[in-house]
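**Q** What follows is a protein structure lacking sequence information:
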């Protein structure tokens, strides 16, 4: 079986509180985007799972890969045989694009279908949450507002984004998520629900839709702030950091002239958002 785990971007990201256990409470808009890895899964004649990761993107130790952790999570409950898995990475790591989370959740979905496990979307979301707060969004893989630690999902209407051009850029740097959370300043409930802001035309988002991590990360990583300014100079209608970085994205009515982006080792991707 071959599946194509896709990335996501955060349409705004606010930290609205903190739980007693230290987890931060979020309010964000999740938008799946057509930037994809490739994941091939088949039963193996071997005695153990085999995972090959290709694409030249650093994903850490193989045994700790979220794909294998997803396999182990389902195998703890169901008789899944050893597997041969090939993961071809395109989505950059450490970017706030959810690439590892998508790989894990698409693994759950593929195994559910491949071995006819009969798990519902709700059951898959519960397993996905044990792998990471970003994982449940990829079960239904549709635009949604995330609250709680990101796992409390409700449908999000974003038909007005269909046909826009999306540009994603990531500089050659790694943002430590712990460091990003440590520097947060604006924590507290919002007066306006994010759904209300996102319902506006994107021309009105600038100045109204923000990512709380920009305030903590831009002083530490000036390149991020410079690249965001470049996206606007190139004609972006709206630009923002996604997740806790280090990728930024831009939405525009026309394709951006990507040759105008400056920076060594930049990951750059541009595509068109599907119409509803």
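**A** Looks like it came in fine. Keep in mind that this is a model prediction, so the values were computed, not measured.
**Q** ok, residue 92 touching residue 59?
**A** No - taking contacts as C-beta atoms under 8 Å, residue 92 lies outside contact range of residue 59: 10.3 Å. Heads up, the C-betas are built off the backbone N, CA and C, glycines and all.
**Q** what's near enough to touch the residue lying farthest from the centre of the chain?
**A** Within the chain, residue 45 marks the point farthest from the mean C-alpha position, 33.7 Å out by C-alpha atoms, centre = their mean. Each residue near residue 45 by C-beta atoms under 8 Å, 6 or more residues apart in numbering is listed here: residue 82.
**Q** What of residue 56?
**A** Going by C-beta under 8 Å, 6+ apart, the list of residues near residue 56 reads residue 89.
**Q** where does it land on pLDDT?
**A** Looking at residue 56, its pLDDT reads 87.
**Q** how close does residue 81 get to residue 45?
**A** 9 Å (C-beta to C-beta, to the nearest Å).
**Q** do the same with residue 36
**A** 29 Å.
**Q** burial measure for residue 29, as a count.
**A** 21 (other C-beta atoms under 10 Å).
**Q** Please apply the same query to residue 57.
**A** 18.
**Q** That one and residue 89 touch, don't they?
**A** Yes - here residue 57 lies in contact with residue 89, judged by C-beta under 8 Å, at a distance of 4.0 Å.
**Q** circling back to that earlier point, looking at residue 92 and residue 59, which is more packed in?
**A** Remark: of residue 92 and residue 59, residue 92 carries more neighbours, 22 against 19, as counted by other C-beta under 10 Å.
**Q** if I pick that one, what's in contact with it?
**A** 57, 99, 170, 247, 267.
**Q** switch to 10 Å and redo it
**A** Going by C-beta atoms under 10 Å, 6 or more residues apart in numbering, residue 92 touches 7, 35, 55, 57-58, 99, 168-170, 172, 246-247, 267, 269.
**Q** how much space between it and residue 152?
**A** 27 Å.
**Q** re earlier: can you flag which of the contacts of residue 92 belong to helices?
**A** residue 99 (DSSP state H).
**Q** and residue 102, which of the three is it?
**A** Secondary structure for residue 102, judged by DSSP: H, G, I helix; E, B strand; the rest coil, is helix.
**Q** correct me, but residue 138 touches residue 91?
**A** No - look at residue 138 against residue 91 with C-beta atoms under 10 Å: they stay out of range, at 11.8 Å.
**Q** Overlap of the contact sets of the two?
**A** 5, 6, 7, 8, 98, 102, 103.
**Q** Backbone dihedrals for the first one, please?
**A** Pointing back at residue 5 there. phi -60, psi 130 (degrees, to the nearest 10).
**Q** mind checking pLDDT for it?
**A** 98.
**Q** Now do the contacts for residue 17.
**A** Contacts of residue 17 by C-beta under 10 Å, 6+ apart are 23, 24, 25, 26, 27, 187, 188, 189.
**Q** Please flag which of those residues sit within strands.
**A** 24, 25, 26, 27 (DSSP state E).
**Q** So which of these is surrounded by the most neighbours?
**A** residue 27 (22 neighbours).
**Q** any idea how far it lies from residue 17?
**A** Where residue 17 is concerned, residue 27 sits at a distance of 10 Å (C-beta to C-beta).
**Q** Could you pull out the residues contacting both of those two?
**A** By C-beta under 10 Å, 6+ apart, the residues touching both residue 27 and residue 17 are residue 189.
**Q** Where does pLDDT dip in this structure?
**A** Within the chain, the ranges that satisfy pLDDT under 70 run 186, 262-264, 276.
**Q** Pop the domain breakdown of it in here.
**A** For the chain, automatic domain parsing gives the domain ranges 2-155, 159-272.
**Q** Packed most tightly, which of the ones you listed would that be?
**A** domain 2-155 (a mean of 18; mean count of other C-beta atoms under 10 Å).
**Q** end to end, how far does it reach?
**A** 27 Å (C-alpha to C-alpha, to the nearest Å).
**Q** do stretch 162-182 as well
**A** End-to-end for stretch 162-182, by C-alpha to C-alpha: 36 Å.
**Q** show me where the chain has strands.
**A** 2-3, 6-18, 24-36, 38-43, 50-54, 83-88, 144-147, 152-155, 165-170, 238-241, 248-252, 267-272.
**Q** and residue 124, which of those strands is closest to it?
**A** strand 152-155 (12.5 Å; C-beta to C-beta).
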